[in-house]
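Trainee: Dropping a prediction and its sequence here:
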Amino acid sequence: MEAIRRVTLRNAVRCFVLGSLVFASPLWSADLTIPKTFVPGTPATADDVNQNFSATAAAVNSKQNLVTGTCPAGQAIRTVNANGTAVCETSLNTRLTTVESVKAPYIFSEFFQTAVAETAAECTNWDTFRANLQPANYTCVQLVGSLGKGRTTCDAPNVQLIATALRNGTPTSVISGSDTWNVGTCGGIEINANAPSICGCSATPILRPCIGAGNPNWGGVGTATCSAPSQSIQLIFR
């Protein structure tokens with residue numbers, strides 16, 4: 001009977017030592033201290049084993065196992081305190097709005113009628129669009145229309161140069177791949193893709209809403225750009 005008890009005790013110690021190794025991993029090492037150490041050839045008493053189990057239980061039970069805090073709609077949990085309460089992120093909506101505003105495309109869109117000059121108000125819309133460009137946010141530019149697919153360039157450094165020139169009204173030519181984007185003065189500010197000159201009539205994508213009072217040659221995409229047919233034209237930065 002005594003031999004059986006010793007074998008049983010040795011098996012219990014082995015199990016406990018294996019369990020102790022698990023709980024003594026880096027996650028727990030700062031919190032769990034085993035009070036009794038066993039060495040080969042030394043009997044392990046029930047009291048010693050119970051002390052080690054009690055120490056392990058105390059360390060395990062002290063760990064947080066429940067998040068009790070909540071956050072209202074529109075907020076998110078920022079951190080969780082040791083007692084389970086939550087610290088909420090109160091500026092989440094503002095931050096999401098900022099991120100989405102950067103991602104959203106910035107678009108100038110206008111319907112142009114053949115043989116009809118743009119009004120002063122429509123020219124103002126173009127100038128307002130240019131003034132509010134944020135070049136650092138863009139990686140693509142598109143000049144497209146309802147009668148033609150136009151041109152698209154996605155080359156962040158060059159797109160930012162184009163946006164800066166357009167915002168400032170600075171004459172500029174930017175080569176990106178097979179396209180040359182041009183900004184210049186034609187009454188107001190013109191932008192085109194692959195036109196040989198500013199203020200010309202080449203059949204390349206051209207947009208110049210402020211060409212001048214009484215002048216209907218506002219450009220075109222996929223069509224003639226002087227005396228062009230009615231169409232919508234969009235300049236899109238994203």
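Mentor: Happy to help now that I have it.
Trainee: any chance you could map the strands in this structure?
Mentor: For the chain, the strands defined by DSSP state E occupy 76-80, 86-89, 106-112, 140-145, 148-154, 172-176, 179-186, 188-193, 206-207, 219-220, 231-237.
Trainee: and those strands as CSV, adding mean pLDDT?
Mentor: As requested, the strands of the chain are arranged in CSV below (pLDDT from 0 to 100):
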stretch, mean pLDDT
strand 76-80, 82
strand 86-89, 85
strand 106-112, 97
strand 140-145, 98
strand 148-154, 96
strand 172-176, 98
strand 179-186, 98
strand 188-193, 98
strand 206-207, 98
strand 219-220, 98
strand 231-237, 98
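Trainee: mind giving me TSV with those strands and columns for distance to Ala131?
Mentor: To be clear about C-beta, it is placed using only N, CA and C from the backbone, and glycine gets the same treatment. What follows is those, written out as TSV (distance: least, C-beta to C-beta, whole Å):
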stretch	distance to Ala131
strand 76-80	35
strand 86-89	34
strand 106-112	12
strand 140-145	17
strand 148-154	22
strand 172-176	17
strand 179-186	14
strand 188-193	11
strand 206-207	16
strand 219-220	20
strand 231-237	13
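Trainee: Of all the ones you listed, which one comes closest to Ala57?
Mentor: Nearest to Ala57, of all the strands of the chain, is strand 76-80, at 23.6 Å by C-beta to C-beta.
Trainee: okay, and for the protein, where does confidence drop off?
Mentor: Of all residues in the chain, those with pLDDT under 70 make up the ranges 1-31, 63-65, 92-103.
Trainee: Domain-wise, how is it divided?
Mentor: According to the domain assignment given by automatic domain parsing, the chain is divided into the following structural domains: 2-61, 64-103, 105-237.
Trainee: Please identify the deepest-packed of these.
Mentor: Ranked by mean neighbour count, these are led by domain 105-237 with a mean of 18 (mean count of other C-beta atoms under 10 Å).
Trainee: for that domain, the distance to its chain's centre please.
Mentor: Using C-alpha atoms, centre = their mean, to the nearest Å, the mean C-alpha position of domain 105-237 is found 28 Å from that of the whole chain.
Trainee: Could you work out the end-to-end span of it for me?
Mentor: For domain 105-237, the first-to-last residue distance is 6 Å (C-alpha to C-alpha, to the nearest Å).
Trainee: beta partners of Ser109?
Mentor: Residues found in beta-bridge contact with Ser109 (criterion: DSSP bridges) are Gln234.
Trainee: show me the contacts for it.
Mentor: With contact taken as C-beta atoms under 8 Å, 6 or more residues apart in numbering, Ser109 is in contact with 232-234.
Trainee: Which of those sits closest to Trp126?
Mentor: Among the contacts of Ser109, and counting by C-beta to C-beta, the member closest to Trp126 is Ile233, at 10.7 Å.
Trainee: Identify the residue spatially nearest to the closest one, adjacent ones excluded.
Mentor: Counting by C-beta to C-beta, 6 or more residues apart in numbering, Ile233 lies nearest to Gly145, which is 4.5 Å off, once chain neighbours are set aside.
Trainee: Gln113 too?
Mentor: Nearest non-adjacent residue to Gln113, counting by C-beta to C-beta, 6+ apart: Ser230, 4.9 Å away.
Trainee: who's in contact with that neighbour?
Mentor: Under the criterion of C-beta under 8 Å, 6+ apart, the contact partners of Ser230 comprise 111-114.
Trainee: repeat that with 7 Å
Mentor: Contacts were defined as C-beta atoms under 7 Å, 6 or more residues apart in numbering; by that measure Ser230 touches 112-114.
Trainee: Distance to Ala195 added to those, as CSV?
Mentor: Conversion of the contacts of Ser230 to CSV gives the following (distance: C-beta to C-beta, whole Å):
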residue, distance to Ala195
Phe112, 17
Gln113, 22
Thr114, 20
